[in-house]
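kindly generate the corresponding structure for this input.
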Amino acid sequence: MAEGTVLVADDEVDILDVCRRYLEREGYRVVTAGDGLEALSAWEMHRPDLVVLDLMMPGKSGWDVCSAIRDREDIPVIMLTARGEESDRLLGLTLGADDYLTKPFSPRELVLRIRNMLRRTSREKEHSAQGGKAAKDSFADEERHFAGLSLYPVLRKVVVAGREVELTVKEFDLLHWFTRHPGQVFSRTHLLGQVWAYEFEGDSTTVTVHIRRLREKIEADPSNPGFIKTVWGIGYKFEGRPVQ
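Numbering: from 1, shown residues only. Predicted coordinates:
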């Protein structure tokens, strides 16, 4: 059975009920909130492992709640939007959400995405707790140094031009994947499968927005990137110059 606490915030009682039932069936502890203010209070009290936020809630919107959480903690956030408008999805991702679902959505799909996110973050916490030599035994945990950029997987730390840069969970995962495969070209669909671990067809907008956000944090000129290059018609590749 799964473990972990999930906060679900939505002003629709039916959605809260079905999400609770599906998640509890999988073994998760579920905390619910009916508006934005209640969501922030529940987050403060329970410190969940993952948050599911409806964009449009009374009191405080999902945007405001996500932004407030991101200012203090980097945990996985999934946004729910009823409109399905691209502008809403892009704004939610830009504010730091790791993923989104458009209503109406399949509860099974939500559970799958939550499970994949929590499995990944759980593995990362275990690696960080091990520290030292044990965490160095895996190629995936090796430090990587490029001209102007260094990545420390065990510490989940990124240094750009001598200064540490704060990345969200998925931004780090995306950069980690690229640095493990320098020069290789990946489509958005492939990145969804590898970084987001989706076992179904996802929306590539998620990848596009995360690439843009990542470039804004690690590139000297995001409009003319030196690390993450666009391969038109295919996807992206990483072109950092390795240094010893």
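
name the helices or strands packed onto the helix or strand where residue 174 lies?
When elements are assigned from DSSP states H and E, residue 174 belongs to helix 169-180. Taking 3 or more CB pairs under 8 Å, 6 or more residues apart in numbering; DSSP states H and E as contact, the helices and strands that helix 169-180 lies on are helix 107-130, strand 144-146, strand 149-152, helix 188-195, helix 205-218, strand 235-238. Where you see a C-beta, it was placed from the backbone N, CA and C, and this is true even at glycine.

who touches the last one?
Outside strand 235-238, the residues that touch it by CB atoms under 8 Å, 6 or more residues apart in numbering are 178-179, 181-188, 190-191, 211, 227-231.

what distance do you get for the nearest residue to residue 60 once chain neighbours are set aside to residue 46?
Using CB to CB, 6 or more residues apart in numbering and skipping the chain neighbours, the partner closest in space to residue 60 is residue 36 (2.7 Å). Counting by CB to CB, to the nearest Å, the gap from residue 36 to residue 46 is 16 Å.

list buried residues within the contacts of strand 235-238.
178-179, 186, 188, 190-191, 211, 227-228 (16 or more other CB atoms under 10 Å).

mind putting those residues into JSON lines with pLDDT?
Written out in JSON lines, the entries for the buried ones among the contacts of strand 235-238 read as follows (pLDDT from 0 to 100):
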{"residue": "178", "pLDDT": "96"}
{"residue": "179", "pLDDT": "94"}
{"residue": "186", "pLDDT": "94"}
{"residue": "188", "pLDDT": "88"}
{"residue": "190", "pLDDT": "87"}
{"residue": "191", "pLDDT": "89"}
{"residue": "211", "pLDDT": "93"}
{"residue": "227", "pLDDT": "96"}
{"residue": "228", "pLDDT": "96"}
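
double-check that residue 8 belongs to a strand.
Yes - assignment of residue 8 by DSSP: H, G, I helix; E, B strand; the rest coil places it within a strand.

how near is it to residue 185?
Separation of residue 8 from residue 185 (CB to CB) stands at 37 Å.

residue 243 now?
According to CB to CB, residue 243 and residue 185 sit 23 Å apart.

do the same with residue 214
Distance from residue 214 to residue 185, counting by CB to CB: 17 Å.

more neighbours: which of residue 36 and residue 46?
Looking at residue 36 and residue 46 with other CB atoms under 10 Å, you find the greater number of neighbours at residue 36, namely 24 against 13.

show the backbone phi and psi for that one.
According to degrees, to the nearest 10, the main-chain angles of residue 36 amount to phi -70, psi -40.

any low-confidence regions in this structure?
Scanning the chain for pLDDT under 70 picks out 1-2, 83-96, 121-140, 197-203, 244.

what sits against the closest residue to residue 118 other than its chain neighbours?
Counting by CB to CB, 6+ apart, the nearest residue to residue 118 once its immediate chain neighbours are dropped is residue 4, at 5.1 Å. Counting by CB under 8 Å, 6+ apart, residue 4 makes contact with 28-29, 48-50, 118, 122.
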